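got a structure for you, letters missing:
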Ligand code: SF4
Ligand code: SF4
């Protein structure tokens with residue numbers, strides 16, 4: 001099953017010639033990060049990983065507003081309220097209110113997955129009220145990956161590519177919908193000032209008026225127009241809009257997916273540092289690249305991992321079987337490689 005939201009899934013499927021499948025370990029409806037076992041730093045069931053306020057590009061805002069599905073009523077209501085507030089609503093996107101954006105780096109250090117004050121406004125009793133239309137960051141985030149760090153890298157590359165596409169498509173839609181050059185320019189100037197930490201002499205009312213130009217007061221209509229423009233775009237259209245940066249990121253993703261996810265085992269492996277989190281029955285739970293993404297290993301096999309000292313895998317597996325009496329499957333060895341617990345030499 002395609003893991004990406006509608007439209008984005010179709011683009012990436014065409015780019016890769018295959019869909020990006022769901023991550024089975026990230027069991028969102030029964031949140032894998034909220035369970036008492038394994039013993040990791042758990043998330044809050046009231047927030048899960050939605051302690052984040054996404055920047056929805058203009059055409060996705062339009063998609064949320066245009067969707068008549070009763071299940072999306074809450075998402076539409078929240079989007080409308082945020083557009084009315086004017087805080088974070090520009091012709092390019094609907095982003096977090098300024099106060100949230102400023103506090104986010106500090107709050108997210110310890111509060112990610114836990115702090116109710118950081119909860120996304122679209123979160124609705126354990127579910128995302130704009131699930132079909134979520135943007136690049138939400139669409140590509142998982143707490144755990146079936147292929148460990150290799151899977152994480154594929155999703156990170158997908159996110160980078162989709163963010164560039166979102167920006168390019170949003171600009172194209174804004175211009176196509178008839179936003180004035182001066183209005184777009186004011187957004188660029190104010191964004192740059194915010195990034196540089198300077199505070200230009202404009203009130204928030206001025207900021208909104210400048211950004212919207214003649215569309216002020218008709219913001220919902222504007223976002224709907226953007227969605228009408230973006231809806232028919234296929235992969236080739238968006239790749240063209242994303243220019244050389246999009247092209248480079250698409251090539252990198254193709255290689256990461258088709259080459260990086262190869263299931264072939266490296267010839268020689270060496271054991272790396274890993275963390276032991278606990279033991280249950282005959283299993284020990286360990287992690288490598290990410291303290292939340294666990295690997296279950298037979299208790300006797302964990303001790304035998306020290307035999308991976310850079311020699312040929314076949315030689316080490318044979319030695320483990322003869323000397324330790326443990327059968328370590330090639331599949332388990334590959335899982336340990338995916339999690340950077342064993343690394344090629
Ligand atoms: S991705 Fe988020 S909601 Fe899904 S299982 Fe992980 S923490 Fe829970
Ligand atoms: S938009 Fe949806 S998935 Fe993203 S943070 Fe909000 S509730 Fe979670």
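All right, it came through fine. Predicted model, so just to flag it, every value in this text is computed and none were measured. Ligands and ions are numbered 1, 2, ... in the order given.

what about the helices in the stretch 51-200 of the chain?
Counting by DSSP state H, counting those that start in this stretch, the stretch 51-200 of the chain has helices at residues 58-66, 73-85, 98-111, 136-140, 148-176, 181-196.

tell me which of those lies nearest to ligand 1.
helix 136-140 (9.6 Å; C-beta to the nearest ligand atom). (Glycine included, C-beta is placed from N, CA and C.)

the closest one and ligand 1 in contact?
No: between helix 136-140 and ligand 1, judged by C-beta under 6 Å from any ligand atom, nothing touches; the nearest distance is 9.6 Å.

which helices and strands sit right next to that helix?
helix 148-176 (3 or more C-beta pairs under 8 Å, 6 or more residues apart in numbering; DSSP states H and E).

is any part of the helix it packs on close to ligand 2?
No: shown here: helix 148-176 not in contact with ligand 2 (C-beta under 6 Å from any ligand atom), separated by at least 12.7 Å.

can you list the residues of the chain near ligand 2?
Counting by C-beta under 6 Å from any ligand atom, the chain sits next to ligand 2 at 50, 52, 54, 120, 122-123, 128, 130, 134, 138.

neighbours of the closest residue to residue 163 other than its chain neighbours, just the number please.
Leaving aside its sequence neighbours, residue 163 sits nearest to residue 136 (C-beta to C-beta, 6 or more residues apart in numbering; 4.8 Å). By other C-beta atoms under 10 Å, the residues close to residue 136 number 25.

again, but for the one 4 residues further on
Using other C-beta under 10 Å as the criterion, residue 140 is surrounded by 24 other residues.

same question, the one 10 residues further on
Here the count is done by other C-beta under 10 Å, and residue 150 has 21 residues near it.

so it is in contact with residue 264, correct?
No: assessed by C-beta atoms under 8 Å, residue 150 is found out of contact with residue 264, at 12.0 Å.

which helices and strands does the helix or strand of the chain with the lowest mean pLDDT pack with?
Using mean pLDDT, DSSP states H and E, helix 181-196 stands out as the lowest-scoring helix or strand of the chain, at a mean of 77. For helix 181-196, the elements it packs on are helix 148-176, helix 204-212, judged by 3+ C-beta pairs under 8 Å, 6+ apart.

mean pLDDT added to those, as a markdown table?
As requested, the helices and strands packed on helix 181-196 are exported to a markdown table (pLDDT from 0 to 100):
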| stretch | mean pLDDT |
| --- | --- |
| helix 148-176 | 97 |
| helix 204-212 | 79 |
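
could you say which of these is packed most deeply?
Highest mean neighbour count among the helices and strands packed on helix 181-196 (mean count of other C-beta atoms under 10 Å): helix 148-176, with a mean of 21.

what about that one, near ligand 1?
No: Helix 148-176 does not reach ligand 1 (C-beta under 6 Å from any ligand atom); its nearest approach is 10.9 Å.

what is that helix packed up against?
Using 3+ C-beta pairs under 8 Å, 6+ apart: helix 148-176 touches helix 8-16, strand 56-57, helix 58-66, helix 136-140, helix 181-196, helix 219-230, helix 235-255, helix 330-338.

most packed of these?
Buried most deeply of these, by mean count of other C-beta under 10 Å, is strand 56-57, with a mean of 28.

now for it, which elements pack on it?
In terms of contacts (3+ C-beta pairs under 8 Å, 6+ apart), strand 56-57 is packed against strand 93-94, helix 148-176.

output those in JSON lines; the columns should cover distance to residue 275.
Output for these, formatted as JSON lines (distance: least, C-beta to C-beta, whole Å):
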{"stretch": "strand 93-94", "distance to residue 275": "39"}
{"stretch": "helix 148-176", "distance to residue 275": "14"}
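
circling back: can you lay out the helices and strands packed on helix 181-196 as TSV showing distance to residue 253?
Converted to TSV, the helices and strands packed on helix 181-196 look like this (distance: least, C-beta to C-beta, whole Å):
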stretch	distance to residue 253
helix 148-176	4
helix 204-212	32
